[in-house]
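Asker: Build me a structure from this.
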Amino acid sequence: MPSERDLTGKLIYAARLCRSLRAGMLVDHGLTADQDMLLKSLSRNDGQTRGALAADLGVRPPTITKMVTRMEAQGLVKRETSGFDNRLALVHVTPAGEALLARIDEDGDISAPAIGTE
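Answerer: All right, here's what the predicted structure looks like:
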């Protein structure tokens, strides 16, 4: 039976391998890992403030502002004024952003068997 240390090392290796595979796939789709996380956050809970997104992703609000600006230019997200408070801008995923997430998830499902072959 493998020791706990051996198992921990293998889990760390597997996590790094998965992260590397996903990062390469995201580059093929023109995204960074942070942009992927932002799209996933909006997919789970659309119409968030930049502050809520920053808290969810563990980054500072100015970082989210830069990401949203870039992704808005790509047509992946859009900003809209809140119907309840005109001072708040809510970030929404666009249909193009949802379609990109679906393609990434599909590509991830296709490449998953490759993890066990190395």
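Asker: shaky segments in this protein?
Answerer: Of all residues in the chain, those with pLDDT under 70 make up the ranges 1-2, 108-118.
Asker: Strands of this structure, residue ranges please.
Answerer: Assigned strands in the chain, in chain order: 48-49, 77-81, 89-93 (criterion: DSSP state E).
Asker: And the ones you listed: which comes nearest A14?
Answerer: For these, the distance to A14 is smallest for strand 89-93, at 29.6 Å, taking Cβ to Cβ. Placement of C-beta: from N, CA and C, glycine included.
Asker: That closest one - contacts with which helices or strands?
Answerer: Counting contacts by 3 or more Cβ pairs under 8 Å, 6 or more residues apart in numbering; DSSP states H and E, strand 89-93 is packed against helix 33-44, strand 48-49, helix 50-57, strand 77-81.
Asker: quick one: contacts of that strand?
Answerer: 39, 42-43, 46-50, 53, 68, 76-82, 101 (Cβ atoms under 8 Å, 6 or more residues apart in numbering).
Asker: Go again with 6 Å.
Answerer: By Cβ atoms under 6 Å, 6 or more residues apart in numbering, the residues outside strand 89-93 that reach it are 39, 42-43, 46-48, 68, 77-80, 82.
Asker: rewinding a little: in TSV: the helices and strands packed on strand 89-93, plus distance to V93 and mean neighbour count.
Answerer: TSV is the format used below for these (distance: least, Cβ to Cβ, whole Å; neighbours: other Cβ atoms under 10 Å):
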stretch	distance to V93	mean neighbour count
helix 33-44	4	18
strand 48-49	10	18
helix 50-57	11	17
strand 77-81	6	15
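Asker: which stretch among the ones you listed comes nearest D105?
Answerer: Each of those has some distance to D105 by Cβ to Cβ; the shortest is helix 33-44, at 9.5 Å.
Asker: Adding distance to G9, write the helices and strands packed on strand 89-93 out as JSON lines.
Answerer: Converted to JSON lines, the helices and strands packed on strand 89-93 look like this (distance: least, Cβ to Cβ, whole Å):
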{"stretch": "helix 33-44", "distance to G9": "23"}
{"stretch": "strand 48-49", "distance to G9": "37"}
{"stretch": "helix 50-57", "distance to G9": "28"}
{"stretch": "strand 77-81", "distance to G9": "39"}
